[in-house]
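A.B. asks: Sequence and predicted structure below; questions after.
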Amino acid sequence: MNSHWPLFDLRLRHRDLLLRPVREADLPHLCAVLPPDVGHDPRLALFPHQSLLENERRLLCMSYWKSLGTWDPASWELHLAVVLDDAIVGVQTLEGDNFPALRTVDSASWLVPAVRGRGVGVRMRTAALGFAFGSLGATAAISSATLGNHASLGVSRRIGYLDNGRSRIVDTGGDVAELQHLRLTADRWPGAEVTVEGFDACRPWFGLA
Ligand SMILES: CC(C)(COP(=O)(O)OP(=O)(O)OC[C@H]1O[C@@H](n2cnc3c(N)ncnc32)[C@H](O)[C@@H]1OP(=O)(O)O)[C@@H](O)C(=O)NCCC(=O)NCCS
């Protein structure tokens, strides 16, 4: 039991997947298997003396520490390790910005290439959404991906998100890229068998009574 940080005891299960919070001890493994196409917020600074993958690994560690060090019931970012057959195969992140007021979650994710293309992406997002719409009482989920990211867009569309406009960003390489935004409202959520353990002690972490 982590009474000082109950989030560490949170467990989400959906079909063959277990999602549990990333821990510091996972960082070496996550850095070792991090795929080069993981993508990151293009506003974050890259170190010129590091390769792109070295930068991505550094940003993964910084994002882990930042999420813990800046946790706020109003705005939070939960990094969940995705466990398949006892191995960590990726990360599913769930974010709430001004969550108690907006009740909207955003998400981000990556998987090792070896397990892609067989529905794991859909199942891990489904696990996170089951938690968001069920335990957290979210009323909407949003997602964004570049127009060429067919796998990410495929996950969203498969689950039932609807297109919600486009915007343009300057990507990591300095090029202009077009983002597709998607949104799924709770009334369109088909529901899923997601088992949540360890949530009660976490309620104050999300601003819930
Ligand atoms: C995005 C990602 C997590 C998706 O996981 P995945 O396990 O490969 O996706 P799934 O197998 O669940 O596929 C979901 C849907 O997308 C489709 N899809 C998957 N990969 C595709 C591809 N390369 N091209 C076209 N469609 C694709 C699938 O057919 C499926 O749709 P369907 O159920 O209607 O057939 C994974 O591809 C990944 O890690 N990508 C790199 C990191 C990344 O881009 N993250 C998102 C940043 S916004």
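C.D. replies: Okay, I see it. All values reported here derive from a predicted model rather than from experimental measurement.
A.B. asks: How far does stretch 142-159 stretch from one end to the other?
C.D. replies: End-to-end distance for stretch 142-159, by CA to CA, to the nearest Å: 12 Å.
A.B. asks: from the chain's centre, how far out does it sit?
C.D. replies: Distance, stretch centre to chain centre, for stretch 142-159: 13 Å (CA atoms, centre = their mean, to the nearest Å).
A.B. asks: How about the residue in the chain that sits furthest from its center?
C.D. replies: Most distant residue from the mean C-alpha position of the chain: residue 49, 28.3 Å away (CA atoms, centre = their mean).
A.B. asks: if I look at it, how far off is the ligand?
C.D. replies: For residue 49, the distance to the ligand equals 25 Å [CB to the nearest ligand atom, to the nearest Å]. Any C-beta I mention is one placed from the backbone N, CA and C, and that applies to glycine too.
A.B. asks: before we move on, what about residue 73?
C.D. replies: In this view, residue 73 and the ligand are 26 Å apart by CB to the nearest ligand atom.
A.B. asks: Which secondary structure element is home to that residue?
C.D. replies: According to DSSP states H and E, residue 73 maps onto no helix or strand at all.
A.B. asks: let's have the chain start at 575 instead
C.D. replies: Shifting the count to begin at 575 puts that one at residue 647.
A.B. asks: list the contacts for it?
C.D. replies: Residues in contact with residue 647 (CB atoms under 8 Å, 6 or more residues apart in numbering) are 673, 674, 778, 779, 780, 781.
A.B. asks: For it, report the pLDDT, please.
C.D. replies: Residue 647 is assigned a predicted lDDT (pLDDT) of 96.
A.B. asks: How about residue 742?
C.D. replies: For residue 742, the pLDDT comes out at 96.
A.B. asks: Looks to me like it is in a strand.
C.D. replies: Yes: counting by DSSP: H, G, I helix; E, B strand; the rest coil, residue 742 is found in a strand.
A.B. asks: Return the member of the contacts of residue 647 nearest to the ligand.
C.D. replies: Distance to the ligand across the contacts of residue 647 (CB to the nearest ligand atom) is lowest for residue 673, with 20.1 Å.
A.B. asks: Relative to the whole chain's centre, how far out is stretch 615-628?
C.D. replies: 20 Å.
A.B. asks: Run through who's touching it.
C.D. replies: Here stretch 615-628 has contacts from 608, 610, 629, 632, 633, 743, 744, 745, 746, using CB under 8 Å, 6+ apart.
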